[in-house]
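> sequence plus predicted model, see below.
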Amino acid sequence: MEVEGIRYIIVYDVNSSSLSGSGTAHKCAETLAKVSLYPVHLLSGGYKRFSALYPFFRTQKILYTIKELESLSSYPVEILPGLLYMGDYKQATTPFMMKDLKVSAFVNVSDQSSIIFEKGHRSVLDVRVADTMQANLYSSFDRICMFVGSRLKAGTTVMIFSSLGISRCSAVTMAVLVGHLKYSLKDAWAHVLQCKNSMRPNRAFVQQLSDWELQSLGQRMTDISEPNY
């Protein structure tokens, strides 16, 4: 296999009950790691656990062409397993994705209308804020956390989305982690970045998140000076 330039390589067997030891999946990963420029990952739980958690991703197809891979739909990223997702407007308005993820509550921080969500048993919180240095998200953090927190406690699945799923929604998602789950901003940032490496709130939102950390935790625990944030 030509794996040198492949960015994401994940090895799994039927049921990887342990990531330590020397099974077939481990031997395969070790072999691939010798020729790959990037880390090779093992999937905890293997196909059995993954397909139980995400049955809508199961397929009998073994090989994909490059064209088929490029045409695959990208789902929202999972922030809290089965409960909190983050993405863009296109994903939020794709019915089969929301059905697959069982999303029934939305926080809309995009520039687009949320009228499409008002059908059926869905709840929507609209926070119409532009992605600019002059925009004020801070004043909405409290009601966003109350909205999301109450749904999460009830076991309702929530999606936070903005137009492109990069700046506003990542800032709001971190605000929820800080305000509802009491993460430090540093930990919230690391968690969201691990879920989506292209996330990037603008500098004004970063400062507002620092102010929110002070309000929520009683102190500024995170140094937001550049180039770290």
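Thanks, I have the structure now.
> what kind of secondary structure is residue 214 in?
Following DSSP: H, G, I helix; E, B strand; the rest coil, the label given to residue 214 is helix.
> wait, what's in contact with it?
residue 220 (CB atoms under 8 Å, 6 or more residues apart in numbering). Any C-beta I mention is one placed from the backbone N, CA and C, and that applies to glycine too.
> likewise for residue 208?
Residue 208 neighbours (CB under 8 Å, 6+ apart): 136-138, 141, 171.
> and if we set it to 7 Å?
Counting by CB atoms under 7 Å, 6 or more residues apart in numbering, residue 208 touches 137-138.
> buried residues in the helix or strand harbouring it?
Using DSSP states H and E, residue 208 falls within helix 203-217. Neighbour-count burial for helix 203-217 flags 204-206, 208-210, 212-213, 216-217 (criterion: 16 or more other CB atoms under 10 Å).
> would you format those as a markdown table with distance to residue 69 and pLDDT included?
Output for the buried residues of helix 203-217, formatted as a markdown table (distance: CB to CB, whole Å; pLDDT from 0 to 100):
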| residue | distance to residue 69 | pLDDT |
| --- | --- | --- |
| 204 | 37 | 96 |
| 205 | 33 | 97 |
| 206 | 34 | 97 |
| 208 | 38 | 98 |
| 209 | 35 | 98 |
| 210 | 39 | 97 |
| 212 | 39 | 98 |
| 213 | 39 | 98 |
| 216 | 41 | 97 |
| 217 | 43 | 97 |
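> can you list the residues you listed in TSV and add distance to residue 41?
Listed next are the buried residues of helix 203-217 as TSV, based on distance: CB to CB, whole Å:
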residue	distance to residue 41
204	35
205	31
206	30
208	34
209	30
210	33
212	33
213	31
216	33
217	33
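> now do the helices in the chain.
Taking DSSP state H to define them, one finds helices in the chain at 24-33, 46-53, 66-70, 89-92, 95-101, 138-153, 168-179, 185-195, 203-217.
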